[in-house]
Structure formats: structure tokens, C-alpha cells
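Trainee: Quick one, what's the 3D model for this:
(2 chains)
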Amino acid sequence: MGEAGPVVRIAGRLESWRPKGKVGFGHLEDATGRIQIYLRADQLGEAWNLVPLLDLDDHLGITGRLMRTRAGEITVRATAVELLAKSLRPLPRPKREVLEDGTVRSHGGVADPEFRTRQRYADLAVHPEVREVFRLRSRVVTRIRSFLDQRDFLEVETPVLQTLYGGAAARPFVTHHNALDLPLYLRIADELYLKRLIVGGLERVYEIGHDFRNEGMDRAHNPEFTMLELYQAYADYHDMMELAEALVADLVREASAGGSRLTRGGVELDFTRPFRRVRFVEGIREGSGLDVLTASEDDLRRRLREAGAPPEEASSWAGAKLLDEMFAAFLEPRLVQPTFVVDYPKPISPLAKVHRDDPRLTERFELLVQGREYANAYSELNDPDDQRARFEDQLRQRAAGNEEAQPFDADYIRALEYGMPPTGGMGVGIDRLVMLLADQPSIRDVILFPSMRPED
RNA sequence: GGGGGCGUAGCUCAACAGGUAGAGCAAGAGACUUUUAAUCUCUAGGUAGUGGGUUCGAGUCCCACCGCCCUCACCA
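Mentor: Numbers count the residues shown, from 1 in each chain, chains lettered A, B, ... in the order given. Here you go, the predicted structure:
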């Protein structure tokens, strides 16, 4: 029975406690796992007086010899017990039943998703698998940094509080600076500051940080979320595609113990390079039989109605909206395996550089997996005159009531006037990427403290 | 913002043509020197999310509000 095992000192939470007269068995749990403890009055002496006062979830320090019970479980037979910290409120633990075939069945526990996100501390304390999701998240971010650092990218920090916001179409959060008596905006994107750094000669930069968008929340959106943006001088969207492919394949290796496949929602996804590439226009033509660049808007609307779009709504669609709908109906759903959709039409890509071979298109791609977007990249617009014209267009849209139109950023134009080299840029939503890698269905499952209404 | 669902003890869940609430775990007291969903005895714990209404009587029906979830729209 291994009475003479080595002496060990352990610490952890009291996860279970089964008192039995002048002895008691329980399990102590820490981040690395759980182990049984065996407390005996005749071994503990004075310290036994502490035992009746123990509560589940107390933090204990135990010293004792390792032994094996009749049932064969490795156990610490305590010679000393120390109360390290008290638990006044029991955690909502499930009871674990080990069945004869070795499977573990849980009884009780917390099921309420509201409880789990409001009291994330309790959720984490009770669910090792939730802790594992956030460990993976941390490994993913670390891996992104080392991937980019190896390629001579410089990690930088740009303002979160901005006097002008831009770089995306979204409504900002507004706050106020008392000393300057100025409104300030929480950034909706890092883009314009990072590109200023490209002008400044920091030729490869990236930032991982929170962006804030004052918009709706759902399973894929949280008001603050984590974004990776990176910019590389003397590069274009082809270089960005190479980079995206290498980065994502690297992260899949991290999440799959060295493999190149993930099974998500029962679907096996293969991230072996190269990923499939589909031209926006050709992909839609394959799905719909129509070329969105040459077909009339009437034909596009008719085709969408045939495919089941609500007729009344469909007849109001035009321009960029129509292109989006064609993409959503005839290409996006077919893109299950990792795929680069490339060369988006100009009307739906206002921030991208015009395509070198076709003025109707832009040098842009998105990486899609299971119909979801994971990266968005361009050959960056670096012509100050064109940029000025686009800001002016945004101003007109703003005047027409589009609250998401971007303000005119004269300082950014000034930066471009000094000459920005041709640059490739890319944005990757970290939360959604972690959802993919950790196989979690909601953004709330990969953000430790997602936004919620207050309880009172 | 539209539609749908849910909200009963700290946690997981019950009940009943609408008749004034019950169990397991957790908690408190006690028994038990190899237990492991320990077991056994006992105790306490709920103005049923909030506020109205219908009714002799409402957790149960109706309305409003609050919160969460799903879904559509919007949004990258």
C-alpha cells in the first residue's frame, strides 16, 4: 500500500470533502490538476481542530506522505494542514461521478450563461475547459508576436483616445478631456496612425489592441474587441496573402498540436498551404452565372430574387449593396475551407488601392473560413490627392446623414504628402480567430469579461 | 430595432383544470478511522425578476418594465 511514499507539500482549493468521523478524504485542486488528501485526527494532533471548520473551496496547504488507497488512488496523507485562505461563498461546482467504465459524469453545476459571464471568476474556477480556452488565447497572441517579430515587424502603441477617429466605417464612443476641454473618441481602428509610421520610416509595424465601436452586440460582436493591424512598406496585397497564410497555418499548428487541420462544428478544415484563391468576380459568376461587372443591375436583382431574396427588398438594392448581396448569396456560403477571395470591386472597397490591371477592381483580399471573414487586406492607398478626394466624399456622405462616414483627417493627408511608400496592410480580428481556433460559438466565450448591462 | 424563448432556495431542476411551493447538491447540528456523486439522522433556507391587472384565490392567465439567450435586420 505504499505507506512510505515521499513527503510532499501541496496547496490548492478544497474541491471535495468527505468527512468520516476522525478521518476525512477530499480533493485539492490547482491549475495543474487535482489530488486526493487524507486527513487523520491521530496524525494531525492540534491541527485536527481546524478540520471541522473547513469549507469547500478553502485554499489549503498540506504536508504529508504520498500513499495509495485501497481503491488505488494516489493520496497525500497529511501530517500538517494550513488554512491559506477562506472561502465564504461556495463555488457552483458540479459533482463529478466516475462511472465504472471510467467516464466522468457531472451533476449540477452552472448552466446559466448569464451567471457564467457575470461571474466569470466563478465560471473559470469551476470549469477547467474555460480556463483552457483563455490559455489558448494567450498562446495565440504570443505566437502572433513572435511570428511578426521574427519577420522584423516592430510592435507599436498608437493612441486609443483620438481627437479624430477613422480607418473604418463605424460609430465611435465619445468622451471628454477636461484639461483640454475637448471631445475625444475611442479609436475604431489603428489604421491611420500605423500608416503615419510607415511614412516615418518604421517600415514594418503592427499593433495588437482594443478597438471600440458603438454598435450592436451579438455572438460575433462586442463593443470593444481585439484587433491586429500590420503594415509593411514596399509590399502589396500578394505579400499580405503570403503572410496571412503563413500566420494562420502557424496558429493552427499551435492550436492543433502541430497539425494543419481543425474540426469545427463537425466539419474538418484543412489549413495546408496554399489556401484556395477565388477572384471575387469569377467566384460569383461560378455560383450565379452572372458577371457582376458587366451584368445590368436589373439582371442582378432578378437573379437574387430567383435565389430566394425577398422581392420587395431586392428591388431596392443597387450599387455596393447589390454587390454585397451577390457575394453573400452566391460565393460566401460555398467557402467552407480556408479561401482567399481576391480583387474586390471598387465600390465595396473604398480604402483599397485600385487594381494595377483593372480599374474596376481593387487590390484587396479577405480570408474566409466557413463563410466567416478572418482577415482583410489591401495594397494601401498612398496617393494623398486620391485620399483627399475620398475624405471629401465621406464628408458629403456625412452631410447626407451617414453617421458612419469618416471625418476629414487633414493631418493624415499631410503625412501622405511627404510620400508613403507602396504598402501592404492587413487587419485580423483576434477574438474571431480565437473562436475558430478554440471551437467556440460566441465571442463571449473568448472574451474574459464581455460587455453586459449592469445587474441593477 | 423586429420576432421568438426563458427568469421558482446559493447552484441544478420539479410540481399543479389557476387553490397559496418541493427535491438533490451546497449551508448549519450530530454519527461514522480508506472514502471518492461517501452514507445516515436532524435543521434552516423562497414576499416565485419587478410592477400592475383579471379572479373568491396567480409562480401558474393578461399587460408593462428589467435581465439573459436565440433569430432577423444593422454592423466588419
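
Trainee: C-alpha from now on. contacts and neighbour counts both.
Mentor: Noted.

Trainee: and A:Gly64, how many neighbours does it have?
Mentor: The tally of other residues near A:Gly64 (other C-alpha atoms under 10 Å) stands at 22.

Trainee: next one: A:Val267
Mentor: Using other C-alpha under 10 Å, A:Val267 has 11 other residues around it.

Trainee: Spell out which parts of the stretch 151-300 of chain A neighbour RNA strand B.
Mentor: Remark: the part of the stretch 151-300 of chain A in contact with RNA strand B comprises A:Ala168, A:Ala169, A:Ala170, A:Glu215, A:Gly216, A:Met217, A:Asp218, A:Arg219, A:His221, using C-alpha under 7 Å from any atom of the strand.

Trainee: same check, this time on the stretch 351-456 of chain A
Mentor: Remark: the part of the stretch 351-456 of chain A in contact with RNA strand B comprises A:Glu366, A:Glu373, A:Asn376, A:Glu404, A:Ser442, A:Met452, A:Arg453, A:Pro454, A:Glu455, A:Asp456, using C-alpha under 7 Å from any atom of the strand.

Trainee: What residues of stretch A:60-77 count as buried?
Mentor: A:60-69, A:74-77 (16 or more other C-alpha atoms under 10 Å).

Trainee: before we move on, the earlier item: got the residues of the stretch 151-300 of chain A next to RNA strand B as CSV, with pLDDT columns?
Mentor: Putting those into CSV (pLDDT from 0 to 100) gives the following:
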residue, pLDDT
A:Ala168, 87
A:Ala169, 84
A:Ala170, 86
A:Glu215, 86
A:Gly216, 83
A:Met217, 87
A:Asp218, 88
A:Arg219, 90
A:His221, 92
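
Trainee: how near is whichever residue of the stretch 101-250 of chain A sits closest to RNA strand B to A:Gly401?
Mentor: Ranked by C-alpha to the nearest atom of the strand, the top residue of the stretch 101-250 of chain A for proximity to RNA strand B is A:Ala169, at 3.3 Å. In this view, A:Ala169 and A:Gly401 are 13 Å apart by C-alpha to C-alpha, to the nearest Å.

Trainee: same check, this time on A:Thr362
Mentor: Summarising the geometry, the distance separating A:Thr362 from A:Gly401, computed by C-alpha to C-alpha, is 27 Å.

Trainee: Kindly identify which of the buried residues of stretch A:60-77 also come near RNA strand B.
Mentor: Applying C-alpha under 7 Å from any atom of the strand, the subset of the buried residues of stretch A:60-77 adjacent to RNA strand B comprises A:Arg68, A:Thr69.

Trainee: Closest to RNA strand B out of the buried residues of stretch A:60-77?
Mentor: Closest to RNA strand B out of the buried residues of stretch A:60-77 is A:Thr69 (3.3 Å), distances taken as C-alpha to the nearest atom of the strand.

Trainee: quick one, phi psi at the closest one?
Mentor: The phi/psi pair for A:Thr69 (degrees, to the nearest 10) reads phi -80, psi 170.

Trainee: wait, it sits on A:Val76?
Mentor: No - because the distance of 9.8 Å does not satisfy C-alpha atoms under 8 Å, A:Thr69 is recorded as not touching A:Val76.

Trainee: related to what we said a few turns ago, which of A:Thr362 and A:Gly401 has more neighbours?
Mentor: For A:Thr362 against A:Gly401, the residue with the higher neighbour count under other C-alpha under 10 Å is A:Thr362, and the figures read 26 against 10.
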